[in-house]
Structure formats: structure tokens, C-alpha cells
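Q: when you get a sec, could you give me coordinates for this:
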Amino acid sequence: VQLQASGGGLVQAGGSLTLSCAASGRDTSYYNMGWYRPGQGKKRELVATITGDGKINYADGVKGRFTISRGNAKNTVYLQMNSLKPEDTAVYYCAGRRSVLAVSDPINQDYWGQGTQVTVSS
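A: Just a heads-up that it's a prediction; the model follows:
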């Protein structure tokens, strides 16, 4: 499975961006998919995950501002980011696990994309 992340960029605080993660190589429609970014300790931390049947989990710091969703074919995952803050600045990575269960811990993900840079200016 290959994951291709895109959509990052430079935006002012309060602005919006939408990230996309396109999966190829295998049917990932039932996979648990998610977005992660480095935390203060530089380890990748949860932003949001979504299962094949739509169960969603968000990190506390993005609840109400970010929305994760899947495309109609379910092999693409989106992250709509609104009301962006400078502290949201990071490289965002998409990831996937071959599981129908909700899996949020980055250590348990099977596949990773290359990351896309999001920079929020104050």
C-alpha cells in the first residue's frame, strides 16, 4: 500500500486547509486511516482517525476545528482543518492499518505516507 499525502501549505491563523491522502496498491476501503503530526517530544501523535465504517476519533486539541472524512471510494481520506492556529504548524502524515477496528496509536499503524507541511503564520 502506498499513501500519498497532499494539500499542505502556508496559511494565516484562522484560515483553513484541506489535506488529502490517496491510497493505492490495495483496497483500503475497510482500513483504519488517520492523520498524525509530531508532538512536543517529536514523536508522531494522533490528529484524527477514521474506520472503514466511519467511526472517528480526534485529538482533544483539534476537536471542533478539524474534520476527517473518506471519499466515496473510501480509498482517499481528507482532513479539513479550520480555525488554524500557529501551534498547528507541523508536517502532517497520513497512516493506515489493515484493520476494521479503530486504532489510534501511531505505533500500531502499518503504512505511512511521506508527509505534507502545514505552516500557520500568526
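Q: separation between the most centrally placed residue in the chain and S122?
A: What sits nearest the mean C-alpha location of the chain, by C-alpha atoms, centre = their mean, is W35, with 2.0 Å. Separation of W35 from S122 (C-beta to C-beta, to the nearest Å): 23 Å. In this view, the C-beta of every residue, glycine as well, is placed from N, C-alpha and C.
Q: okay, and V118 sits in which element?
A: Assigned by DSSP states H and E, V118 belongs to strand 116-121.
Q: can you list the strands that that strand pairs with?
A: Within its sheet, strand 116-121 is paired with strand 9-12 (parallel), strand 90-97 (antiparallel), according to DSSP bridges.
Q: among those strands, which comes closest to Y31?
A: Closest approach to Y31 among the strands paired with strand 116-121 (C-beta to C-beta): strand 90-97, 4.6 Å.
Q: so what secondary structure elements neighbour the next helix or strand after the closest one?
A: Note on strand 90-97: by DSSP H and E, the next helix or strand toward the C-terminus is strand 111-112. If you count contacts as 3 or more C-beta pairs under 8 Å, 6 or more residues apart in numbering; DSSP states H and E, strand 111-112 packs onto strand 2-6, strand 90-97.
Q: contacts for strand 111-112?
A: V1, Q2, L3, A23, Y93, C94, A95, G96, R97 (C-beta atoms under 8 Å, 6 or more residues apart in numbering).
Q: so can I have JSON lines of those showing pLDDT, neighbour count and distance to G14?
A: As requested, those are exported to JSON lines (pLDDT from 0 to 100; neighbours: other C-beta atoms under 10 Å; distance: C-beta to C-beta, whole Å):
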{"residue": "V1", "pLDDT": "93", "neighbour count": "16", "distance to G14": "35"}
{"residue": "Q2", "pLDDT": "96", "neighbour count": "11", "distance to G14": "34"}
{"residue": "L3", "pLDDT": "97", "neighbour count": "21", "distance to G14": "29"}
{"residue": "A23", "pLDDT": "96", "neighbour count": "23", "distance to G14": "31"}
{"residue": "Y93", "pLDDT": "98", "neighbour count": "23", "distance to G14": "24"}
{"residue": "C94", "pLDDT": "97", "neighbour count": "29", "distance to G14": "24"}
{"residue": "A95", "pLDDT": "97", "neighbour count": "25", "distance to G14": "28"}
{"residue": "G96", "pLDDT": "96", "neighbour count": "24", "distance to G14": "31"}
{"residue": "R97", "pLDDT": "95", "neighbour count": "22", "distance to G14": "33"}
